[in-house]
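**Student:** A predicted structure for the sequence below; I have some questions about it.
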Amino acid sequence: MKPTTSPKTYRVKSFGCQMNVYDGERMAELLATRGIAPAPEGEDADLVVLNTCHIREKAAEKVYSDIGRLVKAGDEAGKSPLIAVAGCVAQAEGEEIMARAPAVSMVVGPQAYHRLPGMIDDAVAGKRGVDTAMPADAKFAALPSRRKSPPAAFLTIQEGCDKFCTYCVVPYTRGAEISRPYIALVEEAKRLVEAGAKEITLLGQNVSAWTGEDDKGRKLGMAGLIRELAKDPDLKRIRYTTSHPADMDDELIATHGEVDKLMPYLHLPVQSGNDRVLKAMNRSHTAESYLRLLERFRAARPDLALSGDFIVGFPGETEAEFEDTLKIVDEVRYAQAYSFKYSPRPGTPAATMDGQVSKEVMDERLQRLQASLNRDQAAFNAASVGKTCDVLVERKGKHPGQWLGKSPWLQSVWFEGDVGIGDLVQVELVEAGPNSLAGRLLVPATV
Ligand code: 5AD
Ligand code: SF4
């Protein structure tokens, strides 16, 4: 039985990228303005929002199994939740979800979730609805202003992608590139800082493609936005992700050298180290042009930590071509990276290309690639031991008196001491593990 009374509690489950995390937070804030509260830990919620990801794997199948689990739990409890499917699977497969999963009351795409409250009212009245419209920027204007923030906050400045890499579903699920207006971003950043943010990560599928105009009508790129945000004395750190090599301009490179608050970390996906594969992927760079670009960043900011994304087993990838990916990894020495097996996405050009690579070959290549990436990450962490740096405290650790925060290079750092969440403290890095470091608190909270 579907509920016929308005929900009092909600749970938003976000999968996938940080942009989904951001969307999940904004949906939660929107629900709160309707008097719907977060469900207490361990209790069933009256409304469950599955904020889905479509980038890889059998993401849609995962959504159906989640829905199945919710229905089963609801049957056992004698009380089913209202179920909303949001995110990129909702965008890509909205009507199919409605047809296949009668338990779902609402399907709402990433550009339409500001309409959730009205859809909830409809659902309670027994009317199911799909909204996957993509009105440019209407969503942000309709969302409530920010009231709460973790110390490390996300701020979506740009959405969508016009690059059309041949493996990628994003240009179809998130639509064309749009930049949020400068004034709205400056305002949201200010609210986040007032609400407790010490660090802001600017988000976008192609974040460095952001463009805008300042209050005097001057054209700006993301570097200009970063310089403006850095003027707020209460904002201590700025990051951005994810970038395409084609959008990295001289001004952004210079900003890395000139703005201390811009953290020394760059996530710049390369995907493959082989030029034929890069061309087939429709990436507008070569291995060489990517390496030259990194050189310029490293010249501006010598302690820059690099991160990347990789795909193994793109259609037609030979052993020798894969080895070029290992070579570029050896050359760059990433501090941290994400690597994936190619996953054919329905509707993308690569899905129907000849030479699809077998699962066994992909498994084996992924293992070899990850061995190299893990080696470099461990080496980067080991080389950090002995350094003193600022750590932004994000949460409590498992043991009493223990805290977890992030170094400027986005490493997780554990330490003990008399601090609180949101403090920016000086820590000496004393021991390195593969995924985190142990630190020693040097001075009490400075903020
Ligand atoms: N298969 C595997 N990995 C993919 N990515 C995007 N699309 C696919 C796909 N079809 C990876 C890319 C991208 C990251 C977000 O996900 O590496 O940078
Ligand atoms: Fe996908 Fe390429 Fe756009 Fe990134 S740049 S979102 S990989 S199409």
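**Tutor:** Great, that's in hand. Ligands and ions are numbered 1, 2, ... in the order given.
**Student:** domain assignment for the protein?
**Tutor:** 9-134, 139-383, 388-446 (automatic domain parsing).
**Student:** Kindly present those domains as JSON lines, with separate columns for distance to Pro3.
**Tutor:** Every residue, glycine included, has its C-beta placed from N, CA and C. JSON lines is the format used below for the domains of the chain (distance: least, CB to CB, whole Å):
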{"stretch": "domain 9-134", "distance to Pro3": "6"}
{"stretch": "domain 139-383", "distance to Pro3": "24"}
{"stretch": "domain 388-446", "distance to Pro3": "33"}
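**Student:** any chance of these in CSV, plus mean neighbour count and distance to ligand 2?
**Tutor:** Formatted as CSV, the domains of the chain follow (neighbours: other CB atoms under 10 Å; distance: least, CB to the nearest ligand atom, whole Å):
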stretch, mean neighbour count, distance to ligand 2
domain 9-134, 18, 8
domain 139-383, 18, 3
domain 388-446, 17, 20
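**Student:** Kindly present these as CSV, with separate columns for mean pLDDT.
**Tutor:** Converted to CSV, the domains of the chain look like this (pLDDT from 0 to 100):
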stretch, mean pLDDT
domain 9-134, 92
domain 139-383, 96
domain 388-446, 93
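**Student:** Adding distance to ligand 1, write those domains out as a markdown table.
**Tutor:** Formatted as a markdown table, those follow (distance: least, CB to the nearest ligand atom, whole Å):
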| stretch | distance to ligand 1 |
| --- | --- |
| domain 9-134 | 5 |
| domain 139-383 | 3 |
| domain 388-446 | 17 |
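**Student:** which residues make contact with the helix or strand where Val193 lies from outside it?
**Tutor:** Take DSSP states H and E as the rule and Val193 turns out to sit in helix 182-194. For helix 182-194, the surrounding residues in contact (CB atoms under 8 Å, 6 or more residues apart in numbering) are 140-141, 145-147, 149, 153, 155, 157, 197, 200, 212-215, 220, 225, 228-229, 232, 234-235.
**Student:** Quick check: helices, which of those are part of them?
**Tutor:** 140-141, 225, 228-229 (DSSP state H).
**Student:** ok, so of the residues you listed, who is nearest Ala280?
**Tutor:** Leu225 (33.8 Å; CB to CB).
**Student:** which residues touch the closest one?
**Tutor:** 157, 182, 185, 202, 210, 212.
**Student:** hang on, the earlier thing: so which of the ones in helices among the contacts of helix 182-194 would you say is closest to Glu323?
**Tutor:** Checking the ones in helices among the contacts of helix 182-194 one by one against Glu323 (CB to CB), the nearest turns out to be Leu225, at 39.6 Å.
**Student:** Going by contacts, tell me the helices and strands next to the biggest helix by length in the chain.
**Tutor:** Counting by DSSP H, the longest helix found in the chain is helix 359-384. When contacts are defined as 3 or more CB pairs under 8 Å, 6 or more residues apart in numbering; DSSP states H and E, helix 359-384 packs onto strand 305-312, helix 319-332, strand 336-341, strand 424-432, strand 436-441.
**Student:** Redo the contacts of Leu225 as TSV? Include distance to Thr325.
**Tutor:** Formatted as TSV, the contacts of Leu225 follow (distance: CB to CB, whole Å):
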residue	distance to Thr325
Ile157	30
Tyr182	38
Leu185	36
Leu202	28
Trp210	29
Gly212	35
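**Student:** was I right about Leu366 contacting Glu317?
**Tutor:** No - contact criterion CB atoms under 8 Å: Leu366 and Glu317 do not qualify, at 11.9 Å.
**Student:** From the geometric centre of the chain, which residue sits farthest away?
**Tutor:** Residue farthest from the centre of the chain, counting by CA atoms, centre = their mean, is Gly78 at 36.3 Å.
**Student:** mind checking how far that one is from Thr52?
**Tutor:** 27 Å (CB to CB, to the nearest Å).
**Student:** residues in contact with the nearest residue to Pro315 once chain neighbours are set aside?
**Tutor:** Distances taken as CB to CB, 6 or more residues apart in numbering place Met353 nearest to Pro315, at 3.9 Å, with adjacent residues excluded. Counting by CB under 8 Å, 6+ apart, Met353 touches 166, 280, 315-316.
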